[in-house]
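Asks: Pasting the sequence and the predicted coordinates here, then a few questions.
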Amino acid sequence: MTDALVIGAGPAGLMAAEALSLAGRHVTVAEAKPSPGRKLLMAGKSGLNLTKDEDFETFLSAYGNGAKRLHPMLAAFGPDAIQSWAKGLEQQVFTGSTGRVFPKAMKASPLLRAWLTRLDGQGVTLNTRWRWTGWVGDSVAFDTPDGPQTLTPDVTVLACGGASWARLGSDGAWARHVPGETTPFQPANMGFAVDWSDHMQRHFGQPVKNVGLTAGMAQARGEFIISKRGVEGGGIYAVSAAMRDGAPLLLDLAPDLSLDDVRARLKRPRGKASLSNFLRKTLRFDPVKQALLMEFARPVPDDLAPVIKDLPVRVVGPRPIDEAISTAGGLRFDVLDENLMLRSRPGTFAAGEMLDWEAPTGGYLLTACLATGLWAGQTASKYSA
């Protein structure tokens with residue numbers, strides 16, 4: 001018997017399933033892929049960033065335009081609650097120097113295994129290779145290994161993900177089932193293409209460390225990677241929304257020095273030293289920073305200091321949406337009520353990345369997925385037609 005259906009077995013869907021089962025609902029989770037949590041596992045390969053340990057107002061501000069609508073969900077299940085939840089799955093956590101919170105195991109697989117075991121013990125049924133194909137009247141339709149199937153639950157939670165990493169299940173195909181209720185998808189937390197000159201080839205794969213990044217009103221401090229295709233990594237992701245909207249990318253290659261400090265150092269006697277050796281000695285620029293400077297500052301101006309503090313990077317445009325860490329766009333909040341229920345289809349709720357919100361990496365993405373999944377599951381559990 002199924003009186004509660006969850007579509008999607010990522011973090012939002014599994015959290016909704018947990019809330020529904022704890023409320024006494026008989027829950028079935030339908031997952032299109034052969035196994036659950038594929039994007040979560042991929043994200044955890046480089047260290048599963050669960051959340052960010054910082055004051056709530058600072059944390060909430062990371063969600064930009066989505067902060068107002070996400071406020072109650074994040075207040076109910078924010079960074080502290082996320083850490084307690086992980087510990088409840090016997091996954092001890094630690095906080096890094098930047099405030100990012102990770103499980104001590106670092107990977108996602110131990111947490112996911114413990115979570116699935118707990119859900120199974122609560123009676124949650126997981127059906128894999130069940131792809132949602134829309135509604136037939138009041139029934140929810142699927143393509144399954146055993147052919148077309150329909151379920152008619154009392155409540156449904158949609159947790160189908162965004163539109164990036166299609167091979168892991170987030171392909172955005174669900175949008176055709178809710179025509180007129182979505183904002184078009186855009187890449188978020190993505191890299192940008194750059195037409196490098198030949199001399200940059202030897203630096204592909206190298207990190208650019210300790211730089212300031214500015215794009216429009218967005219500012220960040222960190223590092224990024226020079227790749228064959230362009231620039232990517234945490235520093236770029238932090239300002240990617242503004243870059244996507246057309247703001248130019250400016251790099252501060254010496255963020256610990258003022259413009260006057262840089263200018264003063266550059267006025268030191270150079271003697272017979274080459275420019276690269278001079279920059280290495282006076283500003284401690286490694287070969288990667290020197291290469292970036294030569295790539296975008298030729299011809300070299302007489303006064304190099306302003307360029308070092310505001311180096312314009314000529315990007316071609318964002319990398320394709322399927323390469324993005326996440327997406328902007330999705331189900332608009334105005335088509336949902338305060339319980340995350342679709343106004344057009346009572347008894348159907350939505351959560352996770354399929355909602356129209358955007359956040360930087362650093363634990364914000366996963367926290368909001370878990371928080372909205374819990375909110376949708378709890379409010380759905382109380383729904384009666």
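Replies: Perfect, I can see it now. These figures come from a predicted structure and were not determined experimentally.

Asks: Which residue is the nearest non-sequential neighbour of residue 12?
Replies: Using C-beta to C-beta, 6 or more residues apart in numbering and skipping residues adjacent in sequence, the residue nearest residue 12 is residue 352, 2.8 Å away. Where C-beta positions appear, they are placed from N, C-alpha and C, glycine not excepted.

Asks: got the phi/psi numbers for the one you found?
Replies: Note on residue 352: its backbone torsions stand at phi 80, psi -150 [degrees, to the nearest 10].

Asks: Run through the chain and note the low-pLDDT ranges.
Replies: The chain contains residues with pLDDT under 70 at 1, 385.

Asks: Domains in it, by residue range?
Replies: Split into domains by automatic domain parsing, the chain comes to 4-187+323-381, 192-318.

Asks: Identify, out of these, the most deeply packed stretch.
Replies: Mean neighbour count (mean count of other C-beta atoms under 10 Å) peaks for domain 4-187+323-381 among the domains of the chain, with a mean of 20.

Asks: wouldn't the residue nearest to residue 12 be in contact with residue 369 here?
Replies: Yes. Applying C-beta atoms under 8 Å as the test, residue 352 and residue 369 come out as touching, 4.5 Å apart.

Asks: what residues are shared contacts of the two?
Replies: 10, 11, 12 (C-beta atoms under 8 Å, 6 or more residues apart in numbering).

Asks: Pull the contacting residues for the second one.
Replies: Think residue 11. Counting by C-beta under 8 Å, 6+ apart, residue 11 makes contact with 37, 40, 352, 366, 369, 370, 373.

Asks: how about a cut-off of 6 Å?
Replies: By C-beta atoms under 6 Å, 6 or more residues apart in numbering, the contact set of residue 11 is 40, 369, 370.

Asks: before we move on, what about the first one?
Replies: Residue 10 sits next to 39, 161 when contact means C-beta under 6 Å, 6+ apart.

Asks: can you do 10 Å?
Replies: 31, 33, 36-40, 159-162, 168-170, 351-354, 366, 369-370, 373 (C-beta atoms under 10 Å, 6 or more residues apart in numbering).

Asks: Quick one: end-to-end distance for stretch 249-263.
Replies: This stretch, stretch 249-263, spans 22 Å end to end (C-alpha to C-alpha, to the nearest Å).

Asks: Need the three-state assignment for residue 295.
Replies: Secondary structure, DSSP: H, G, I helix; E, B strand; the rest coil: residue 295 is helix.

Asks: is it true that it touches residue 231?
Replies: No. Using C-beta atoms under 10 Å, residue 295 makes no contact with residue 231, being 11.2 Å away.

Asks: Find the residues that touch each one of those two.
Replies: Shared contacts of residue 295 and residue 231, defined by C-beta under 10 Å, 6+ apart, are found at 194, 196, 313.
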